[in-house]
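> the amino acid sequence is not available; the structure is as follows:
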Ligand code: IMP
């Protein structure tokens, strides 16, 4: 088995950074295939905490190729400063980075439009609660066939034509908000610097990944956001603008589905969401606050407090189906021990199923989970390195998840550190 896709199975923030970092020790290629710097993937390496937004979470391993696929949208200023920061931390000092020529570029006017639209909708209907990083407007331009791609940055005359085309569509909206029109010359000048920096790092990523697969190398595809934020299958319109599902890895990298061997989905032991949109198991009271503080649930990208609530198994089962999961990774199991009592949602009222019924219209039903809520248990969980080391209520909780979702648990994370991981199955068999 050589190709494994790892995806978020909730609303993002499931701990993809840590899981990919752990699994990347066995991979030769780690590839992001969708989204942009709306993502924030946290790696805890000893005393150091590193948050990547665009660079794949395999960056801590010298020599492991870190690949950004065609399905991504890349803000070049953010990308350059992220790479510079990682290099200062001793990473990416070799020839590890590769960027798809076909990835799209987030430009300053995309960021402006994202912010303006959110401000305009502030507090009212239509507000998505985006990360304001320009993600939506960049994907809109891509779908409208006037997006700027990485390859355009290398060709100033083609870039200028593209920018003029965008001016015709976008200036009107910018000026209506009192914001300056697109400055084509300024962007073309900035692109000279981006192009110089990109030289030697750009390639046909699909060809690179295909060659790696054929050579028997291990390829880890790193999803961004989570299943319920998927543009097609998530809680539309409260979603991101790209595919967050495993199926998107093939399109986003430029490889065929026959090259994929396994798909692991990540879920927290509870649920969080940031931004607007339905969240059936949200706890708005003190228990939600307790979860937020125990789990340090603040956005890695925007710092926004996340809404917190119980594990939503119908939604997780839906995510497992959408992704064809072959393995389930459960993170932050230790956090639940900080709570006096734990509940889980195994079904919605009237047996409603996500996909058929909108999540804003379902009512979660809860079951209490026994024997939790002892601070000493948290310590025992944090040092567990095998399933057998876990206290029995925690194991029973994992068994219930596995039985309800119908996917074997392959990894359990019991703390932020790499070592605080229980791997029950080899990632690359
Ligand atoms: P956008 O991706 O910035 O357009 O935001 C659209 C929605 O997706 C908002 O609700 C964001 O909060 C959410 N979102 C985007 N990226 C992430 C992420 O990495 N984690 C959690 N939520 C995200």
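Structure received. What you see is a predicted model; the values in this text were computed from it and never measured.
> would you mind measuring from the residue of the chain positioned farthest from its centre to residue 8?
Distance to the chain centre peaks in the chain at residue 157, reaching 34.4 Å (criterion: CA atoms, centre = their mean). From residue 157 across to residue 8, the span is 40 Å (CB to CB, to the nearest Å). Backbone N, C-alpha and C define where each C-beta goes, glycine included.
> same question, residue 272
11 Å.
> which regions of the stretch 51-200 of the chain sit below the pLDDT cut-off?
Judged against pLDDT under 70, the low-scoring parts of the stretch 51-200 of the chain cover residues 122-125.
> repeat the analysis, applying 80 as the threshold.
Along the stretch 51-200 of the chain, segments meeting pLDDT under 80 span 122-126.
> that one: strands as residue ranges?
Counting by DSSP state E, counting those that start in this stretch, residue ranges of the strands within the stretch 51-200 of the chain are 65-68, 73-75, 97-100, 104-106.
> didn't residue 151 look like it was pressed against residue 105?
No. If you go by CB atoms under 8 Å, residue 151 and residue 105 don't touch, sitting 9.8 Å apart.
> okay, the two: which has more neighbours?
The neighbour count for residue 151 versus residue 105, taken as other CB atoms under 10 Å, is higher for residue 105 (28 against 17).
> could you report the neighbour count for residue 351?
Residue 351, neighbours per other CB under 10 Å, totals 10.
> list the buried residues for the helix or strand that residue 368 is a member of?
Taking DSSP states H and E as the definition, one finds residue 368 inside strand 364-369. Buried positions in strand 364-369, judged by neighbour count with 16 or more other CB atoms under 10 Å: 364-365, 369.
> ok, then the element right after it?
That would be, after strand 364-369 and using DSSP H and E, helix 375-382.
> ok now that next one, how far from the chain's centre?
28 Å (CA atoms, centre = their mean, to the nearest Å).
> what's it in contact with?
Outside helix 375-382, the residues that touch it by CB atoms under 8 Å, 6 or more residues apart in numbering are 333-334, 337-338, 389-391, 393-394, 414-415, 420.
> drop anything exposed from those residues.
333-334, 337-338, 390-391, 393-394, 414-415, 420.
> any chance of those residues in a markdown table, plus secondary structure, pLDDT and distance to residue 67?
A markdown table is the format used below for the buried ones among the contacts of helix 375-382 (DSSP: H, G, I helix; E, B strand; the rest coil; pLDDT from 0 to 100; distance: CB to CB, whole Å):
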| residue | secondary structure | pLDDT | distance to residue 67 |
| --- | --- | --- | --- |
| 333 | helix | 94 | 31 |
| 334 | helix | 92 | 32 |
| 337 | helix | 87 | 38 |
| 338 | helix | 83 | 38 |
| 390 | coil | 93 | 35 |
| 391 | coil | 90 | 40 |
| 393 | helix | 90 | 41 |
| 394 | helix | 92 | 36 |
| 414 | coil | 95 | 30 |
| 415 | coil | 94 | 29 |
| 420 | coil | 96 | 27 |
